[in-house]
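Asker: Need coordinates for the following:
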Amino acid sequence: MAENVPLTSSSGDLHFDQYKSGSFFERNKKSIIVGLIAVLAVVALVVVGLILVVVLTKKDDDDDNNNLISLPDRINFETLIKPHLQGLEAAANATWNVTNGNFPTRSIGPGYDESVNYVVNTLTKALNDAGGSEPFCNITIQNFSAPVWTELGPPRISALIESSVISYTAYTDFTSIRYGGNVTTTISNLSVFNASSGCLDDNYVGMSDDQIAIMDDSTSATCTLYSKAMLAQSKNAAGILMYRSNAPGLIGSRVYNSDNWNISIPFVQIPVISVLRSIAQTFVLLKANVTISSNQSIELIPTSNVFCSTPGALELNSSTIFVGSHLDSVPAGPGINDDGSGSSINLMLALLLINNHYPHSNPIVFGWWGAEEIGLIGSRHFVQTFNSINSNNTLAEHMAYYINMDMLGSPNGMFQLVNSSTVPVSQTIQNSCQTLNDKVIEYLRNGAKRENLLAYTSGGAGSDMMSFWEVGVPMISFATGAGGLMSSAQRLQMINETWGLANAAMDPCYHLGCDTVENVNGQLAEVEARAVGWLLQETLNKNDLLEWLYPATLLRQ
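Answerer: Below you'll find the model as predicted:
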């Protein structure tokens, strides 16, 4: 037994030195130290484990957050957009028959059908590769018929004026107005009748059967080309010559009711020709006898819209987001900027969401419209069909907002948004459109740092967003410019960009055969695509989407 060492002296003082040097501590010092080290090691391991759990959990959360906040950063023109431009150009080339035109085209017919196949096949492959118990979206095709006007041969006009016959030059002095007559005919040596605006029954008082009606389609006219042409036809006019007293040049519009067109609405059957103001006024003043030859046809051709819609997106709710672009081109070319660029970015965004299983609490529809170039026929067909089927829930009640993408890579373009104050809708819808504009401008200014690219366009521009604002759906329209010129001030605004030529067309290949992949401005297209991607990621998971987009005082009624 160890010697019992007293801890205190007789005086009661503590003998600390004697305790410190006690034999128990000396004999067990190494074991105690090893034990302490072991305990500390276990504690350290526990702490490290807890830290790892927290870090890894945070990393998972960060990864999820990155999925929500990095969509614009994943967008790259060369790798994600350009391949689809090339795919659409290949669709035009694959169906091109040189006997049917000078350039490949994706207009209604084989070129468009091949474009549909490209979009559907690309989406289908992505959905199959992504797997999962439920596909991200359902692919549907909406079939309809659209009227296609063809000029089978150049028109001819000559006039007998004071015993002299004068022949005029097609496409310089006059031109056929599209859809202005489903007829091949020559009307010879007929007198003209001044029908003023041609809008009223009174305008035809005194006109004999088989006269040629001359009418002024100035901007002050109170009716459409279609309505006045149908009225003149009902008054037995043999043909129609139109001009504009307040503007030079020829009329480049259409003579049919594209706003509400359906297959039951008739077409004009007599020739409708646009002539220069000076020629029309000469015919009236000198009482010319006019001969017109016209060779035109109008036929209904089957075509389609394509949709990729998440479950419930086309059912009755109020938070659906719709992203649209037109997939067709004009007959004159492959339309890779107009609007292969918008359609390729549309497809790219859908694929990003599919491939990354992108979370979304709000439904979304990606749509590719047919027959836009002949009067927004595809998008208007969708709107009219939806509203007729869902009579108790209109499209305006169903959709949060609509994104339109048309021509997003103009070689001399700018970042164009429609000025909401020029949209011909109620003040409430204008306010909602401006709210969307403001959100994107905020990104352009603070996120992309490219506010220098911003330009506004008028709401009168013809693209598929019109089909939606006409029925009260707020919209935002992305574009980069068509045949309009870049001003000197705009070029100065863009002084730091690598492109831009003042007093030149924003797209010099607009509606021409040269609108190929080489015509697309990849830098600008990427900025546009990232802005659309940013808007989607900001709204796809907004539980209070309507409140976020439209403050209470601006909510749609």
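
Asker: what about the closest residue in space to Ser309 that isn't next to it in sequence, neighbour count?
Answerer: With C-beta to C-beta, 6 or more residues apart in numbering as the measure, Val365 is the residue that lies nearest to Ser309, at 4.3 Å, once sequence neighbours are left out. Where you see a C-beta, it was placed from the backbone N, CA and C, and this is true even at glycine. When neighbours are counted by other C-beta atoms under 10 Å, Val365 registers 22.

Asker: what bridges to Ile298?
Answerer: Legend: beta-bridge partners of Ile298 under DSSP bridges are Trp149.

Asker: quick one on the thing from earlier: is the residue nearest to Ser309 in contact with Ala313, as I believe?
Answerer: Yes: contact between Val365 and Ala313 holds when scored by C-beta atoms under 8 Å: they sit 4.8 Å apart.

Asker: Need the overlap of contacts for the two.
Answerer: When contacts are counted by C-beta atoms under 8 Å, 6 or more residues apart in numbering, Val365 and Ala313 are jointly contacted by Thr320.

Asker: Low-confidence ranges, the stretch 151-300 of the chain, go.
Answerer: Under the criterion of pLDDT under 70, the regions of the stretch 151-300 of the chain flagged as low confidence span 219-221.

Asker: ok, now with 80
Answerer: Confidence mapping of the stretch 151-300 of the chain against pLDDT under 80 gives the ranges 219-222, 257-260.

Asker: Quick one: the strands in it, in order.
Answerer: Taking DSSP state E, counting those that start in this stretch as the test, the strands found in the stretch 151-300 of the chain are 156-161, 164-167, 174-176, 184-194, 212-216, 239-243, 272-275, 289-309.

Asker: For the residue nearest to Ser309, what are phi and psi?
Answerer: For Val365, the backbone dihedrals are phi -120, psi 130 (criterion: degrees, to the nearest 10).

Asker: For the remainder of this discussion, apply numbering that starts at 486.
Answerer: Let's use 486 as the start, then, which means that last one is Val850.

Asker: residues in contact with it?
Answerer: Listed by C-beta under 8 Å, 6+ apart, the contact set of Val850 reads Phe792, Cys793, Ser794, Thr795, Ala798, Leu799, Thr805, Ile806, Phe807, Val808.

Asker: what do you get for Phe621?
Answerer: Taking C-beta under 8 Å, 6+ apart, we find Phe621 in contact with Leu612, Ala615, Thr795, Leu838, Ile839, His842, Tyr843.

Asker: if you set the cut-off to 10 Å instead, what comes out?
Answerer: Shown in contact with Phe621 (C-beta atoms under 10 Å, 6 or more residues apart in numbering): 608, 611-612, 615, 793-796, 835-836, 838-843, 845, 849.

Asker: buried subset of these?
Answerer: If you count burial by 16 or more other C-beta atoms under 10 Å, the buried members of the contacts of Phe621 come out as 608, 611-612, 793-795, 835-836, 838-839, 843, 845, 849.

Asker: In strands, which of the residues you listed appear?
Answerer: The strands in this structure, assigned by DSSP state E, contain Cys793, Ser794, Ile849 from those.

Asker: Could you check how far the residue nearest to Thr709 when sequence neighbours are not counted is from Val1002?
Answerer: With sequence-adjacent residues excluded and distances taken as C-beta to C-beta, 6+ apart, Thr709 is closest to Asn742, at 7.2 Å. Noted for Asn742: a distance of 36 Å to Val1002, by C-beta to C-beta, to the nearest Å.
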